[in-house]
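> With the input below, show me the fold.
(one chain, ligands or ions: 2)
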Amino acid sequence: MSAPQSCPAKVLAVTNQKGGVGKTTTTVNLAAALATAGQRVLLIDLDPQGNATMGSGVDKRALKRSVYQVLLSSVSAEEAWVHSENGGYHVLPANRELAGAEVEMVDLSNRETRLRDALAPVLDRFDFILIDCPPALNLLTVNALCAADAVMIPMQCEYYALEGLSDLVNTVKRVRSHLNPRLEIEGLLRTMFDPRNTLAQQVSDQLQQHFVDKVYRTVIPRNIRLAEAPSYGMPILRYDRQSKGALAYLALAGELLSKQSKPGT
Ligand code: ADP
Ligand code: MG
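Ligands and ions are numbered 1, 2, ... in the order given. Sure, this is the predicted structure:
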């Protein structure tokens, strides 16, 4: 079923306060996979490390404008986004400047909804907006959660994974009751998965018991090509289309799209 012209973008915050779980890898490669499927995609880099920006082939050191100006001044999203040639999507880029935004936003009005307000005029121009969150439950992440329809939570299946998850789920609940009643958990994504690792299998089983159909069927395997691609400024689909990592992110895009066409499930 194709979406009607006026259907606003689905906004997904890719988030987990733990670092190194595959948020940026997921945001970049899912954006590219959705673009390959003909979707109009905007990737928003909300991490001052700018890894999603660089991984999309956009030089974070040479930005004229970034998401920082969009949050802090009157620069519009459209004035700041750039096109990723390697990814086939648009990027609202970030660099170290964004680290100051947390402090500077505190005294501004609507500090939690500045990203949502900036995106409102452009929602009709995309099918998906994916937000790469920083590894913290800070004001930047709260801005992502206020702007989002749903969160996608990448996680490694290791011993402490479930502990951090309850903090995140509580934050989602708090944002839902105070700031954004429509926020949902889109799904939990198992990343860097090694099926030969018994502990990973056990944690994966526990996840499915607790979260049932909130766990994506698609599993992202540990794949060295996924780790190599960012140093070339390329999503995996551009770097090595036949790799297991590329196939996994294409499958994830397919799973996401099939969910969209079944509202209420
Ligand atoms: P986060 O954004 O959550 O901090 P990243 O996406 O930057 O996590 O991933 C952390 C590191 O692990 C990076 O070096 C990345 O290249 C690597 N990585 C991520 N996913 C995979 C994977 N499926 N297989 C192998 N390496 C991966
Ligand atoms: Mg990251």
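> quick one: the strands in this structure?
10-14, 41-45, 82-84, 89-92, 128-132, 150-156, 184-193, 215-221 (DSSP state E).
> and ligand 2, which of these is closest to it?
Ligand 2 lies closest, by C-beta to the ion, to one member of the strands of the chain: strand 128-132, at 6.1 Å. Just so you know, the C-beta spots here come from the backbone N, C-alpha and C atoms, and that holds for glycine as well.
> Which neighbours in the sheet does that closest one have, and how are they oriented?
strand 10-14 (parallel), strand 41-45 (parallel) (DSSP bridges).
> which of these sits most buried?
Of all the strands paired with strand 128-132, strand 41-45 has the most neighbours on average by mean count of other C-beta atoms under 10 Å, namely a mean of 28.
> near ligand 1, which residues of this structure?
Along the chain, the residues adjacent to ligand 1 under the rule C-beta under 6 Å from any ligand atom are 19-25, 51, 135, 191-192, 220, 222-223, 226-227, 230, 245.
> Got a PyMOL select line for the buried ones in these?
Below is the selection syntax for PyMOL that covers the buried ones among the residues of the chain next to ligand 1, with 16 or more other C-beta atoms under 10 Å defining burial:
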select buried, resi 21+22+23+24+25+51+135+191+192+220+222+223+226+230+245
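> taking the residues of the chain next to ligand 1 one by one, which sit in helices?
23-25, 51, 226-227, 245 (DSSP state H).
> farthest-separated two in these?
Using C-beta to C-beta, the two most remote members of these are 51 and 245, lying 16.3 Å apart.
> pLDDT and distance to residue 36 added to the ones in helices among the residues of the chain next to ligand 1, as CSV?
Below are those laid out as CSV (pLDDT from 0 to 100; distance: C-beta to C-beta, whole Å):
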residue, pLDDT, distance to residue 36
23, 98, 20
24, 98, 19
25, 98, 16
51, 98, 21
226, 98, 16
227, 98, 21
245, 98, 14
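> and the strands of the chain as CSV, adding distance to ligand 2 and mean pLDDT?
Formatted as CSV, these follow (distance: least, C-beta to the ion, whole Å; pLDDT from 0 to 100):
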stretch, distance to ligand 2, mean pLDDT
strand 10-14, 9, 98
strand 41-45, 9, 98
strand 82-84, 16, 98
strand 89-92, 14, 98
strand 128-132, 6, 98
strand 150-156, 10, 97
strand 184-193, 12, 96
strand 215-221, 15, 97
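> and of those, who's closest to residue 29?
Evaluated with C-beta to C-beta, these place strand 215-221 nearest to residue 29, the distance being 8.6 Å.
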